[in-house]
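A.B. asks: give the three-dimensional model of this entry:
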Amino acid sequence: MLKIRDLYKSYQVGHEMMPILKGINLDVEKGELLAVTGSSGSGKSTLMSIMGLLDKPTRGRYWLDNKEVLRCSDDELATMRNRKIGFVFQSFYLLQRLTAAENVGCPLRYNKISLRKIHRRSLAMLEKVGLADRASHRPDELSGGQQQRVAIARALIGKPAIVLADEPTGALDSHVSQEIMDLFISLNQQEGVTIIIITHDQSIAKQCSRVMIMEDGVLK
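C.D. replies: Numbering: from 1, shown residues only. Down below sits the predicted model:
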């Protein structure tokens, strides 16, 4: 599903280059539930940005769903990002003026799908994450855990090849965090969704089928 070879990333800081990723190699199989953990500043979020096609490496090679993405144009990358990748973030990033169903359907608005079909699929996704009765509620009418469930439904509605979750439980208390993790596990085991979770929370990481540790820009 995903293959990375000899990936490096550096940023210009003044007159010097600051290395962030130092030769990352990674293989993720279809249907895997992988945790990438490590201390703050270790390079986890930089790696996720590259995997999510939000940033480009300084050098290296990256294949997603058997396509070498770093050879693609910016337009091709935007299309792949919309169709192949689902994102879940710590801060939810829901649009406050839209209902839960409308937020879930946002990724499909770029795909020439009728609004009626988008609404139908949004309701189906909300039912899958246990929020069918909250479809018409706006984000400020939902709890933090409910908002994250809406964000997960939004990530899944386009049937992406892979879901990238960056600290998805970081803004939630321990009880709600476990509910969200239970949802990820269920989606992975019952639906076969490929999921990579970036987290510093060891209790979340240890529930994944594989854990890799990022230390000073190196993945172990």
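A.B. asks: which ones are touching Ile24?
C.D. replies: 4, 6-8, 47, 60, 217-219 (CB atoms under 8 Å, 6 or more residues apart in numbering). (C-beta placed from N, C-alpha, C; glycine too.)
A.B. asks: PyMOL command to pick out the buried ones of those residues?
C.D. replies: Buried members of the contacts of Ile24, defined by 16 or more other CB atoms under 10 Å, are picked up in PyMOL with:
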select buried, resi 4+7+47+60+217+219
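A.B. asks: and the pLDDT at Asn103?
C.D. replies: At Asn103, the model reports a pLDDT of 96.
A.B. asks: helix, strand, or coil at it?
C.D. replies: Secondary structure, DSSP: H, G, I helix; E, B strand; the rest coil: Asn103 is helix.
A.B. asks: is it true that it touches Leu142?
C.D. replies: No: when contacts are counted by CB atoms under 8 Å, Asn103 is not listed as touching Leu142 (10.0 Å).
A.B. asks: returning to what we had before: which of the contacts of Ile24 fall in helices?
C.D. replies: Leu47 (DSSP state H).
A.B. asks: how far does stretch 167-175 stretch from start to finish?
C.D. replies: By CA to CA, to the nearest Å, the extent of stretch 167-175 from end to end equals 15 Å.
A.B. asks: looking at Asn103 and Leu142, which one has more neighbours?
C.D. replies: Neighbour totals were compared for Asn103 and Leu142, and Asn103 leads with 24 against 18 (other CB atoms under 10 Å).
A.B. asks: which one is the more buried one nearest to, not counting chain neighbours?
C.D. replies: Nearest non-adjacent residue to Asn103, counting by CB to CB, 6 or more residues apart in numbering: Leu94, 4.9 Å away.
A.B. asks: show me what contacts the one you found?
C.D. replies: 103, 139, 147, 150-151, 154.
A.B. asks: roughly how far apart are it and Gly31?
C.D. replies: Noted for Leu94: a distance of 28 Å to Gly31, by CB to CB, to the nearest Å.
A.B. asks: okay then, goodbye and thanks.
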